[in-house]
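Chemist: Build me a model from this:
(chains A and B)
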Number of protein chains: 2
Amino acid sequence: MHKPQYRVAAALAALLLPLPALAQPLDPAALRDAALQDTLAWDFIEGITTEVGPRPAGTPAEARGRAWAEAWLKAQGFANVRIEPYMMPVWLRGDERAEVTGPFPQKLTVTALGNSGATGPKGVEAEVVMFASLDALKAAPDAAVKGKIVFITHRMTATQDGSSYGAFGPVRTQGPNVAAKKGAAAIVIRSIGTDYHRTPHTGNTRFEEGVAPIPAGALSVPDAEQLERIVARGKPVTLRLTLTPSTVKQAESGNVIAEVPGSDPAAGIVVVACHLDSWDLGTGAIDDAAGCGIVAAAARRIQQAGTPRRTIRILFAGSEEVGAFGAKAYFEAHKSERHATASESDFGADRIWKVEFNLPENARAVGDRVAAALLPLGIARGPAIGGDGTDIAPLHRAGVAAIDLAQSGSRYFDLHHTADDTLDKIDPAQLRQNVAAWTAMLAVVADAHEDIGPVTPRP
Amino acid sequence: MHKPQYRVAAALAALLLPLPALAQPLDPAALRDAALQDTLAWDFIEGITTEVGPRPAGTPAEARGRAWAEAWLKAQGFANVRIEPYMMPVWLRGDERAEVTGPFPQKLTVTALGNSGATGPKGVEAEVVMFASLDALKAAPDAAVKGKIVFITHRMTATQDGSSYGAFGPVRTQGPNVAAKKGAAAIVIRSIGTDYHRTPHTGNTRFEEGVAPIPAGALSVPDAEQLERIVARGKPVTLRLTLTPSTVKQAESGNVIAEVPGSDPAAGIVVVACHLDSWDLGTGAIDDAAGCGIVAAAARRIQQAGTPRRTIRILFAGSEEVGAFGAKAYFEAHKSERHATASESDFGADRIWKVEFNLPENARAVGDRVAAALLPLGIARGPAIGGDGTDIAPLHRAGVAAIDLAQSGSRYFDLHHTADDTLDKIDPAQLRQNVAAWTAMLAVVADAHEDIGPVTPRP
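Modeler: Residues are numbered from 1 along each chain as shown, chains lettered A, B, ... in the order given. So this is what the prediction gives:
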């Protein structure tokens, strides 16, 4: 696939002729193959996870992450690098402990869910009532739950496309609200995760307006199965749960933006997004330093190859994990600009295996050319309509076209939102495949001669 | 290999004839193959890890473990089931926190080593001085270490025979003492482990008589590599370490003993050992509920098959993890009895792949018959002289013959002494292979017509 002679000729031509007259198109295949040697994505991920570490939204650590990223983007030579601040409410983890007090006293490993209520320093102790699913809890009479500690378990398994997160995620996002409305004293869930390590999975939960948050924690999978076994013995089980989170009404967060300016401002912006914040338990390597490293490394390769037709805008969003405040702030600030496409990398750095599109009819050939450029990387076109990505969801809802590069999720939910989300989980070879795929996609899309206008958002 | 007709005939004969006259030899192959359907070892492991959980030596939890095991052994029908108590000093874990305070502030995951000194509730904060090995620390001048927090890293990798534990273990067992003698304020080591999870590996360390214990912790492997990267940036690194363990001068622990009585008391006892205590972080499934389940299940199969020539004595030792007080107590109480052989299972429950012996010359054929009975399970004879096992080390030192059934250690040090040592790590199929191997070994050894006298202990 390499065409070194062609590339040398193109480079010579670029030196000899004025650029606008040349309009030498970017070569997706050559750029893609060169990107398989990328080191820049790793440089970003290693750097921010080491020198900043965890970056919880709305905290000084997230602010250090923004400053670090801004400096790094400037050092790479991107244009228009800037921080766009906004305000947001903040939830802060406190102490977290769980202990079976009877009939078989032992500690369990627990972590508080984002937006959890607090137990006070002495904790709450109550009888455990176990449910095998969220639906089982919903179906239970209030009297079976009132004053007790609800325990919801489940059987989430790993899926390549991550779809099991959709199926089991509501245990976390909705379970605490359901339990609170039924009068539960507190709730613990089996982590929304697929590993067997004692590193519980945090993540946000949501309480309806008017529902007072109850203490809500996630047990690691081994602990959840232990509690299942203890409950299955048939004796009344009591649990003491101590969670002492606190909240701050408003604190500063922000998005970090950088650009590769295009030659044709009217052609619309190609947005490549990721998020800079992370949960506090790990260093946010797969979630989502990886995504930021990938999209920045790919954009930098386009910038180095020449001026694309369209401006490529890198969006390192803030506070994705806790309510996508960065996504909203970006949309409010930039909705009047023309966006051609929006894509996000927020699913780790394992091998990309699928690409899906939502493109207007007249730009169908753009998708065909992207798909053709990705096929040599083992990436096949999927059947669904594209439009993934929390940080670009407002853009997609407003009709911006979508190109989704889907990473393998087979081990993503082993690590997601745990203390185990650390640099060592990034496989450099798979990371380079990601950069190659994003580079090829950008080489096609940023330079496409077709108009890429609005689309009907996927349902 | 199955001989069901033969077994039925033997069972009928056993009903018809007085036992001593029958002297029907045990059939190792048939017993071995039947044991591949074993459920008793799992029953023990699942039961004690669920209903007792962690069993740290000298604590009420270990005492609950003894009571649980005693009741279980009696329920299986073993003879002479009893607890043999003794006293021991106890070290108790307190709070444990580590935090890089500069130049890149972030928390690290740490656990205190057994016998660690205490920092007090506010912790100690000092500059970090990193060493790539224990030898590098030993070679350092005192002035390079005095008042600092020593950090020893290393590169332990997984080995099937567990030999890397011998090579890297001294970082934990000796490192703190070396650092203390050089005037270090505290020490953290890279966990003596081979996984990449944020579940640090505890384990005992030892301070020489007259050396005041300093605070000593283990970072998880991802945290140790993070600290390496931070130190490698070249700026002074400061760490705040908080460890608040405490000690109790004397508390009760105990061994649990059960027997399958043999027909010939003069032939000596066949000891099968494991340990009942565990570290406090996990539930002690691989270390060492597994070993107790395996040896008990195998002994029970011999008991059900008929009366062996030699008494089989099950030793569930107490307090192995923190100084082998149970082993010493057993030896003191029983050294005047004749022991034919001693074997221990304390390396998880993954597949046994090797058998090694230390048998007297006249009993060489016993080893040959054991090896032949194990070969169909994929177990080959190894070249070394046998004699493994902390709980039976005093017996081996006193010249008792040894038969070592070696489990694969390929993933043992991923889990060893961590919170991740939980039931889900036991593979039932491999566990059954263990029971089959131990059953075959006991069927040969307990019934061997040869005299099994003392041996020269291995060096």
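Chemist: right, and A:Pro200 touches A:Leu243 too?
Modeler: No: A:Pro200 lies out of contact with A:Leu243 (C-beta atoms under 8 Å); the separation is 11.9 Å. The C-beta positions use only the backbone N, C-alpha and C, and glycine is treated the same way.
Chemist: Which neighbours do the two have in common?
Modeler: A:110, A:217 (C-beta atoms under 8 Å, 6 or more residues apart in numbering or on different chains).
Chemist: any idea how far A:Arg82 lies from A:Gly217?
Modeler: 39 Å (C-beta to C-beta, to the nearest Å).
Chemist: Of the two, which one has the most company?
Modeler: A:Gly217 (28 against 14; other C-beta atoms under 10 Å in any protein chain shown).
Chemist: how about the strand or helix carrying that one against chain B, any contact?
Modeler: Taking DSSP states H and E as the criterion, A:Gly217 maps to strand A:216-219. No: if you take C-beta under 8 Å from any C-beta of the partner chain as the test, strand A:216-219 misses chain B, and the best it gets is 12.0 Å.
Chemist: Which secondary structure elements does the helix or strand just after that strand sit against?
Modeler: Counting by DSSP H and E, the element after strand A:216-219 in chain order, helix or strand, is helix A:221-232. The contact analysis (3 or more C-beta pairs under 8 Å, 6 or more residues apart in numbering or on different chains; DSSP states H and E) places helix A:221-232 against strand A:96-102, strand A:106-108, strand A:124-131, strand A:149-152, strand A:186-190, helix B:40-51.
Chemist: Partner strands of the third one and their direction?
Modeler: Sheet partners assigned to strand A:124-131 using DSSP bridges are listed as strand A:149-152 (parallel), strand A:238-243 (antiparallel).
Chemist: can you check the second one too?
Modeler: Strands that pair with strand A:106-108, judged by DSSP bridges, come out as strand A:96-102 (antiparallel).
Chemist: now the angle from the strand it pairs with to strand A:186-190?
Modeler: Angle of strand A:96-102 versus strand A:186-190, following axes from the mean of the first three to the mean of the last three C-alpha atoms, to 10 degrees, is 90 degrees.
Chemist: tell me the angle of strand A:96-102 relative to helix A:221-232?
Modeler: Using the same axes, to 10 degrees: strand A:96-102 against helix A:221-232 is 20 degrees.
Chemist: higher neighbour count, A:Pro200 and A:Leu243?
Modeler: A:Pro200 (31 against 27).
Chemist: The more buried one should be in a strand, yeah?
Modeler: No: counting by DSSP: H, G, I helix; E, B strand; the rest coil, A:Pro200 falls outside a strand, being coil.
Chemist: quick one, what contacts it?
Modeler: A:109-111, A:191, A:193, A:217-220, A:223, A:418.
Chemist: how about CSV for the residues you listed, with pLDDT added?
Modeler: Listed next are these as CSV, based on pLDDT from 0 to 100:
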residue, pLDDT
A:Thr109, 98
A:Val110, 98
A:Thr111, 98
A:Ser191, 98
A:Gly193, 98
A:Gly217, 98
A:Ala218, 99
A:Leu219, 99
A:Ser220, 98
A:Asp223, 98
A:Thr418, 98
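Chemist: Top of these by number of neighbours, please.
Modeler: A:Ser191 (34 neighbours).
Chemist: distance of the most centrally placed residue in chain A from chain B?
Modeler: With distances taken as C-alpha atoms, centre = their mean, the residue of chain A nearest its centroid is A:Asp346 (3.5 Å). Shown here: A:Asp346 relative to chain B, a distance of 21 Å by C-beta to the nearest C-beta, to the nearest Å.
Chemist: So that residue sits against A:Gly284, correct?
Modeler: No: with contacts counted by C-beta under 8 Å, A:Asp346 stays clear of A:Gly284, the gap being 11.0 Å.
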